[in-house]
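Student: Need the 3D shape of this:
(chains A and B)
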Amino acid sequence: MIQVFAKFLGKEKALGKNISKLSHWTIFVHTFSISAFTIGGGYVMIPLMRERFVKKLGWISETELTELTALGQSAPGAMVINTSALMGYRLLGFWGAICAVLGTALPPLLILSVISYFYEIIRDNRYVSAAFRGMSAGIAAVIADTVFSMAAPYFKEKEKPSIAIIVLAFLVAFFLDINAAFIIISCGIAGIIMGAISRRRRKKL
Amino acid sequence: MIYLKLFLNFLYIGALAFGGGYAVLPLISQQCVMKNHWLTMSEFSDLLTISQVTPGPISINTATFVGIKTAGVLGAVLSTLGFIIPPFIIVTILYFIYRKYRNLTFMQDILSGLKPGVVALIGLAAVDILIQALWGEAAVSLNTLDLFSAFIALGVFFVLRKWKTGVISTILACGVIGVIRELIENLIH
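Tutor: Predicted coordinates for the structure are as follows:
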């Protein structure tokens, strides 16, 4: 049954120079080692995934990873786990997805299992919080760097509708306390409307 | 049957956890604190603090923590598994639709809206973490601004843009700088 299912979803041709290194085991190892550093919440994993899977390994293109992130955000659950699953599907089909999810979920599971027995020490330790404070400053910069790289093409090509979505979605999410899934779905609808408008305009010309 | 109860409970949370991250917290506190009394409110707020200094999405951390507190390691594994399964099924369906219809104009339109939306949400995450780093628990104003952290954030941003340093080593270096600063402050006082 699972075999049929796996075949049904299949795998797609992956790209890149390091494709010979692609296997279920390496997917697990890479997602595991990345996930262990997602301190401060899931979004930290996006820069890490870009660095590892797009730039270093070249297993997946930047656009695809962004598209999968968007899909991951619109499903329920942790965005990072969903995005990992989608990337696993893209790389090696069903079992690739399972390996990616295990690799992403295991580090927090292991670390928090251990820590939950003596968390008071960590909660009240000033050096832990000092390290955390320093790291959050760095993480904010790392994520900001990724946002700049992701937004740059839109600004270079002067794609006004996309820029409008970025700015509007940010302002709405920041000032009104609206669910991220709802924002993503609204952006999808905005995409449909803008596509229709631009086609009609082209027809008129 | 605490194991089954944990599993089913997190299955339920996982299926309804739209938006992920902090958006799921009300649902989790309703299920684990109010309804089942697996955690006290103060344990729940401790959990939020620990979640920030440990890796992983906050929802996974919560599932692990609740599982461990109520039923040990097996409880943690089952809770986490329960939380992951419903989204995994939904993501599988989404991926199938995405792959099948990716080249349709309609799907392209949706994606062309989704991509800038994701950029905005990641930008929001950056701002949230920056506020946490620069102001911590204090109210956001010029007087309470942690200049040192602001300096680190700006410096790291510059270094990343200019020299494209590795992400993990950069983050770790910032943690070390944070500890050194604490040590020096302790020496002075």
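
Student: other SSEs contacting the longest helix along chain A?
Tutor: For chain A, the helix with the greatest residue count under DSSP state H is helix A:79-115. Applying 3 or more C-beta pairs under 8 Å, 6 or more residues apart in numbering or on different chains; DSSP states H and E, one finds that helix A:79-115 makes contact with helix A:2-9, helix A:24-35, helix A:45-49, helix A:62-74, helix B:58-101. C-beta here means a position set from N, CA and C on the backbone, and glycine is covered the same way.

Student: got those as TSV, with distance to A:Met150 and mean pLDDT columns?
Tutor: What follows is these, written out as TSV (distance: least, C-beta to C-beta, whole Å; pLDDT from 0 to 100):
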stretch	distance to A:Met150	mean pLDDT
helix A:2-9	28	49
helix A:24-35	18	93
helix A:45-49	9	90
helix A:62-74	7	90
helix B:58-101	19	92
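
Student: Helix A:79-115 and the helix or strand of chain B with the lowest mean pLDDT, what's the angle between them?
Tutor: Here the helix or strand of chain B ranked lowest by mean pLDDT, DSSP states H and E is helix B:41-53, holding a mean of 81. Orientation note: helix B:41-53 sits at an angle of 110 degrees relative to helix A:79-115 (axes from the mean of the first three to the mean of the last three C-alpha atoms, to 10 degrees).

Student: Tell me the buried residues in helix B:41-53?
Tutor: B:Phe44, B:Asp46, B:Leu47, B:Ile50, B:Ser51, B:Gln52, B:Val53 (16 or more other C-beta atoms under 10 Å in any protein chain shown).

Student: which non-adjacent residue is nearest the last one?
Tutor: The reference is to B:Val53. Of all residues beyond its chain neighbours, the one nearest B:Val53 is A:Phe132 (4.6 Å), with distances taken as C-beta to C-beta, 6 or more residues apart in numbering or on different chains.

Student: other SSEs contacting the strand or helix carrying that neighbour?
Tutor: Applying DSSP states H and E as the criterion places A:Phe132 in helix A:126-156. On a contact count with 3+ C-beta pairs under 8 Å, 6+ apart, helix A:126-156 meets helix A:45-49, helix A:160-175, helix B:41-53, helix B:105-135, helix B:147-163, helix B:167-188.

Student: List the residues that contact the residue nearest the centre of chain B.
Tutor: Centroid-nearest residue in chain B, with C-alpha atoms, centre = their mean: B:Pro57, separated by 3.7 Å. Contact partners of B:Pro57, counting by C-beta atoms under 8 Å, 6 or more residues apart in numbering or on different chains, are A:Thr38, A:Gly41, A:Gly42, A:Ala78, A:Met79, A:Val80, A:Ile81, A:Pro108, B:Gly20, B:Gly21.

Student: For residue 29, which non-adjacent residue is closest in space?
Tutor: Let's take chain A. A:Gly103 (7.1 Å).

Student: wrong one, chain B
Tutor: Nearest one to B:Ser29, counting by C-beta to C-beta, 6+ apart, is B:Phe44 at 5.7 Å.

Student: A:Ile178 now?
Tutor: A:Ile178 sits nearest to A:Val172 (C-beta to C-beta, 6+ apart), 6.0 Å away.

Student: Would you mind pulling the contact partners of the helix or strand containing A:Ile192?
Tutor: Element membership of A:Ile192 [criterion: DSSP H and E] is helix A:180-204. Outside helix A:180-204, the residues that touch it by C-beta under 8 Å, 6+ apart are A:70, A:73-76, A:79, A:161, A:165, A:169, A:172-173, B:18-21, B:23, B:105-106, B:108-114, B:116-118, B:120-121.

Student: Go through it and flag the buried ones.
Tutor: A:180-181, A:183-188, A:190-192, A:194-195.

Student: Could I get the buried residue list for the helix holding A:Phe132?
Tutor: A:128-148, A:150-151, A:154.

Student: now do stretch B:64-72
Tutor: Those would be B:Thr64, B:Phe65, B:Val66, B:Gly67, B:Ile68, B:Lys69, B:Thr70, B:Ala71, for stretch B:64-72 by 16+ other C-beta under 10 Å.

Student: Quick check: which of the residues you listed are also close to chain A?
Tutor: B:Thr64, B:Phe65, B:Ile68, B:Lys69 (C-beta under 8 Å from any C-beta of the partner chain).

Student: Rebuild the residues you listed as CSV, extending it with distance to B:Asp128.
Tutor: Formatted as CSV, those follow (distance: C-beta to C-beta, whole Å):
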residue, distance to B:Asp128
B:Thr64, 23
B:Phe65, 22
B:Ile68, 27
B:Lys69, 27
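
Student: of all those residues, which comes closest to B:Ala133?
Tutor: Nearest to B:Ala133, judged by C-beta to C-beta, of these is B:Phe65 at 23.8 Å.

Student: Report the contact partners of that closest one.
Tutor: B:Phe65 neighbours (C-beta under 8 Å, 6+ apart): A:Leu112, A:Ser116, B:Leu39, B:Leu47, B:Ile50, B:Ala76.

Student: Now the residues you listed in a markdown table, please, with extra columns for distance to A:Lys204.
Tutor: Below are these laid out as a markdown table (distance: C-beta to C-beta, whole Å):
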| residue | distance to A:Lys204 |
| --- | --- |
| A:Leu112 | 58 |
| A:Ser116 | 63 |
| B:Leu39 | 60 |
| B:Leu47 | 57 |
| B:Ile50 | 59 |
| B:Ala76 | 60 |
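
Student: which one among those gets closest to B:Pro87?
Tutor: For the contacts of B:Phe65, the nearest to B:Pro87 is B:Ala76 (18.1 Å; C-beta to C-beta).

Student: and that closest one, how many neighbours?
Tutor: 24 (other C-beta atoms under 10 Å in any protein chain shown).

Student: what do you get for the one 3 residues further on?
Tutor: Look at B:Ser79: counted by other C-beta under 10 Å, it has 31 neighbours.

Student: likewise the one 10 residues further on?
Tutor: Number of residues near B:Ile89 (other C-beta under 10 Å) recorded here: 13.

Student: If you rank every helix and strand of chain A by mean pLDDT, what lands last?
Tutor: In chain A, no helix or strand scores lower on mean pLDDT, DSSP H and E than helix A:2-9, which sits at a mean of 49.
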